[in-house]
Structure formats: structure tokens, C-alpha cells
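Undergrad: sequence and predicted structure are below.
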Amino acid sequence: MCQSAVQPNGMKDLQNEFGHVSDNYKRICENVENARAKYRSADEKIEIMAVTKTVAPEKINFAISQGITLLGENRVQEYLSKKDQYNKAAQVHIIGRLQTNKVKYIINEVSMIQSVDSIKLAKEINRLAEKNNRVMDVLLEINIGDEASKSGVAAEGLDELIYETAQLENVRIKGLMAIPPIGCGEDMFDRMHSIFLRVKEMAVPNVSMEILSMGMSGDYETAIKHGSNLVRIGTALFGARNYLEG
């Protein structure tokens, strides 16, 4: 849900430079609330994640000052280069493709990994989480459009991944994540929501199905219509950049 804007000391002078972020955030909040009111129940919470790929820390911190409480990081190396400059008021999730050899760098830095798409990755997260005396919350990523260019487990392989991952003591499955194909019909979003509901009904131990992370700048209202409760917004919040995700 959108938070009230707070202006920390030293941030007010950035209003002129980053004022468009404030305007964009207000508009996104209004759109999210309108979609929730139209399609969802009054007590449902829908979170807005700021996708920070290629965005300068100063701009990210300004967004946090406006009420953003959740950041989505695509690339481990980029995140590591910026993380010490971030306002710690916001939690950080890894949302991009994560290689097993990079898990060690973020295991104690992020609150969730949204892009788990193989048991190999899940086991490495579990191993390092155990080593660091923590439990890592994860989402299982589905390649809902069967696109060769995207990561994610095929929908047909999801159940196997769920049951295997659920056995890991230091990994906790909190839901599903997907990136529907650009320009796809609503049936793709509906299919993803149906999968989410089916998995919830399975009631697998260590699988809570609290989060459906789906929807980006161009389709987040459609995603909310079809059950998403976490939307990942980059371009619509920060402005156009040289990549298509977000």
C-alpha cells in the first residue's frame, strides 16, 4: 500500500530535481487504489515495489522519502555497488535472474529472493541461509509465457519444485512471481492467478502462498485485476530508461 510522504532532513532540496518521481508515485498510488477498489476486496493490501535497475541511489532515496518501502534489484553486482548509499527504511528483494555463485553476496543483505526457478538455486540459498543462521523468504518464479529469453520454471514443472523446495529448512516459500509476455492478453494473467490459487489449495507445509508478484509499469492494473498483490514498477515511477523490464 502507498505510504504517506515523509521528507527527511537534507532531502527537500532534491524536490526540484526529482519532483517527477513524487508526481509519478502519487499517480501510481491512485491507479493502484482505483484498481483495488474496482476488482478486489477492501481489506486486501497491494504493495508497490520500486524497480531500481540503472537508477541512481539519490533518486531511489528520494522515492523512499515519498513513501516507497520496497526495492527490487535485478543485478547483484549493481546492487552491491549501491546498497551502502540506500536509505535503510526500505526492504530489498532480488527480482532478477540469480546465479548460484552470487547467492553468498546477498544472503544477509535482502529480505526476499523472488526469482527462485530451480532446486539447485533453492538448495544453495538454503545452504547459505543455514550457515548464516537465518531463514530466507522466497518466491518461485514461473515462466508463464514459456519465453526462451526469460527465466522461470515451466508451469508444468512447478509442483515438483514446490515439493522439493518445501523440504528445505532454511527456505520459506511465500508465493509466486511471474513476468507475463509484453502485450499478452488477460488470459495469461488469469492463468497465473489460477495457478496461484491451486497451489494455495494444496496446503503444502512450509508454503504459505501469501504473495503473487505480477505486473509492471505497463500492465500493473491488469495484474491487480487478476490477483496480484505486489506490483513491480520501474519506468512509470522513475522515468524511461534503456531497458524494457519494469
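TA: Structure's in. What do you need?
Undergrad: measure the nearest residue to residue 179 once chain neighbours are set aside to residue 180 for me?
TA: Spatially, and ignoring its direct neighbours in sequence, residue 179 is nearest to residue 150 (6.1 Å; CB to CB, 6 or more residues apart in numbering). C-beta here means a position set from N, CA and C on the backbone, and glycine is covered the same way. Between residue 150 and residue 180 the computed distance is 10 Å (CB to CB, to the nearest Å).
Undergrad: identify the residues contacting residue 159.
TA: Residues in contact with residue 159, defined by CB atoms under 8 Å, 6 or more residues apart in numbering, are residue 202.
Undergrad: hang on, it in a helix?
TA: Yes. Looking at residue 159 with DSSP: H, G, I helix; E, B strand; the rest coil, it is inside a helix.
Undergrad: who does the helix of greatest length in the chain touch, helix- and strand-wise?
TA: Longest helix in the chain, counting residues (DSSP state H): helix 15-39. Other helices and strands packing on helix 15-39, by 3 or more CB pairs under 8 Å, 6 or more residues apart in numbering; DSSP states H and E, are strand 47-51, helix 57-66, helix 220-225, helix 235-238.
Undergrad: swap the cut-off to 10 Å and go again
TA: strand 47-51, helix 57-66, helix 220-225, strand 230-233, helix 235-238 (3 or more CB pairs under 10 Å, 6 or more residues apart in numbering; DSSP states H and E).
Undergrad: may I have stretch 198-209 exported as CSV, CA atoms only?
TA: Output in CSV follows, covering the C-alpha atoms of stretch 198-209 (Å, rounded to 0.1, in the frame of the first residue of the first chain):
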residue,chain,number,x,y,z
ARG,A,198,-4.4,-24.0,-7.0
VAL,A,199,-1.1,-24.1,-5.1
LYS,A,200,-2.7,-22.3,-2.1
GLU,A,201,-5.3,-25.0,-2.0
MET,A,202,-2.6,-27.7,-2.0
ALA,A,203,-1.7,-26.6,1.5
VAL,A,204,1.9,-27.8,1.3
PRO,A,205,3.8,-27.4,4.6
ASN,A,206,6.3,-24.5,4.5
VAL,A,207,4.4,-23.0,1.6
SER,A,208,2.2,-20.0,2.6
MET,A,209,1.2,-18.5,-0.8
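Undergrad: what does that stretch rub up against?
TA: 135, 137, 139-140, 158-159, 162-163, 165-169, 171-176, 196-197, 210, 212 (CB atoms under 10 Å, 6 or more residues apart in numbering).
Undergrad: flag every buried residue along it.
TA: The neighbour-count check on stretch 198-209 (16 or more other CB atoms under 10 Å) flags 199, 200, 204, 207, 209 as buried.
Undergrad: about what we covered before: which of the contacts of stretch 198-209 fall in strands?
TA: 137, 139, 140, 171, 172, 173, 174, 175, 176, 210, 212 (DSSP state E).
Undergrad: assumed residue 208 was part of a strand.
TA: Yes. According to three-state DSSP, residue 208 belongs to a strand.
Undergrad: so for the helix or strand of the chain with the lowest mean pLDDT, what gets flagged as buried?
TA: Within the chain, no helix or strand scores below helix 15-39, which has a mean of 93 by mean pLDDT, DSSP states H and E. Neighbour counts over helix 15-39 (16+ other CB under 10 Å) mark 18, 21, 22, 24, 25, 28, 29, 31, 32, 35, 36 as buried.
Undergrad: give me whichever of the helices and strands packed on helix 15-39 is most buried.
TA: strand 230-233 (a mean of 26; mean count of other CB atoms under 10 Å).
Undergrad: packing partners of that one?
TA: Using 3+ CB pairs under 10 Å, 6+ apart: strand 230-233 touches helix 15-39, strand 47-51, strand 70-73, strand 112-116, strand 171-178, strand 207-213, helix 220-225.
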